[in-house]
Structures are given as C-alpha cells and as structure tokens.
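# sequence isn't available, so here's the structure alone:
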C-alpha cells in the first residue's frame with residue numbers, strides 16, 4: 001500500500017489569491033489539493049464538493065471575515081468535514097481582524113489555527129503539510 005495527503009481548501013472569494021498561493025506551495029510539497037479554483041460554470045458543484053470532501057484527509061479552512069457574503073458556504077463545508085471526521089486546519093489569512101467561529105466549529109478538539117500575520121506563507125504551507133494525515137490507498 002502507498003499513502004497520499006489529500007486536502008480540501010475552503011475560502012472566501014476575497015481570499016482566492018492567497019488560497020491559490022497556499023495551494024501551489026502545498027502541491028510543491030506533495031499534497032493533493034482540491035479547491036473550486038478550476039470548477040467550470042455548469043459544473044454540478046454540490047456533487048463535486050461532496051466527493052472531494054469525502055476523499056480529503058483534511059480541510060484547510062481559511063477563516064472568513066464577519067462581513068464576507070458567502071461565509072455560510074465556508075461554514076457548511078467545515079461542518080460537513082467535521083461530520084465526516086476530517087481534520088480541520090484553520091488559517092487566519094493576512095490582515096484578518098474581525099472573525100468569529102460558529103460554536104459547533106470552535107469546539108472541535110482536533111483543530112489547528114495558524115495566523116498569517118504572524119507567520120510567512122511558506123511556514124504556514126509547511127506546517128499544514130506536516131499536519132495533514134496520510135490516507136492509505138490501495139495499489140491493485
């Protein structure tokens with residue numbers, strides 16, 4: 001058997017560039033990264049999101065500001081990952097001053113929170129890569 005590290009990145013669209021940079025650095029470290037960067041219009045996104053969350057060994061949650069319009073989608077993805085027993089690794093993107101975590105996410109025991117204002121992106125990518133559990137895959 002061999003193993004892989006699969007991660008799902010959940011982010012608000014205002015954090016897209018930072019999320020893409022993080023994904024690139026994690027991919028360079030051997031992590032298989034999914035996010036909605038490449039979803040095409042017309043894609044059955046709910047089904048893709050479900051399958052990718054099931055496949056992932058962890059969810060990287062870029063904590064949105066309280067004023068982000070699509071933040072409920074991010075909390076939904078985090079709640080789904082929690083329900084599936086996935087590790088949730090949270091990151092405060094740069095210049096994030098006003099945030100709140102829903103109580104059902106905030107009480108997760110297995111959570112790591114990294115602050116991008118206190119650590120460079122390279123360091124965050126390395127820490128996340130190390131924190132992602134490996135998934136065993138069958139080689140037939």
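Received, thanks. These numbers were taken from a predicted model, which means no experiment stands behind them. Residues are numbered from 1 along each chain as shown.
# what are the phi and psi values at residue 115?
Taking degrees, to the nearest 10, you get phi -110, psi 110 for the backbone angles of residue 115.
# tell me, what residue is most central in the chain?
Central residue check for the chain by C-alpha atoms, centre = their mean: the C-alpha nearest the mean position is that of residue 60, 2.0 Å away.
# got a list of what that residue touches?
The contact partners of residue 60, by C-beta atoms under 8 Å, 6 or more residues apart in numbering, come to 7, 8, 9, 10, 22, 89, 90, 91, 128. No exception for glycine: its C-beta is placed from N, CA and C like everyone else's.
# tell me what it is bridged to.
Going by DSSP bridges, residue 60 is paired in beta bridges with residue 9, residue 89.
# quick one on the thing from earlier: pLDDT check: weakest of the contacts of residue 60?
Sorting the contacts of residue 60 by pLDDT puts residue 90 at the bottom of the list (87).
# ok, that one to residue 96 distance?
Using C-beta to C-beta, to the nearest Å, one obtains 11 Å as the distance from residue 90 to residue 96.
# picking that back up, and of the contacts of residue 60, the nearest to residue 120?
Top of the list for closeness to residue 120, among these and by C-beta to C-beta, is residue 22 at 11.4 Å.
# name the SS class of the closest one, please.
What DSSP: H, G, I helix; E, B strand; the rest coil gives for residue 22 is helix.
# residue 40 versus that one, what's the distance?
Counting by C-beta to C-beta - residue 22 and residue 40 are separated by 22 Å.
# more neighbours: these two, which one.
Neighbours were counted for residue 22 and for residue 40 using other C-beta atoms under 10 Å; residue 22 has more, 26 against 6.
# what's the local residue count around the closest residue to that one other than its chain neighbours?
Closest residue in space to residue 22, ignoring its immediate chain neighbours: residue 125 at 5.8 Å, by C-beta to C-beta, 6 or more residues apart in numbering. Other residues within reach of residue 125, judged by other C-beta under 10 Å, total 24.
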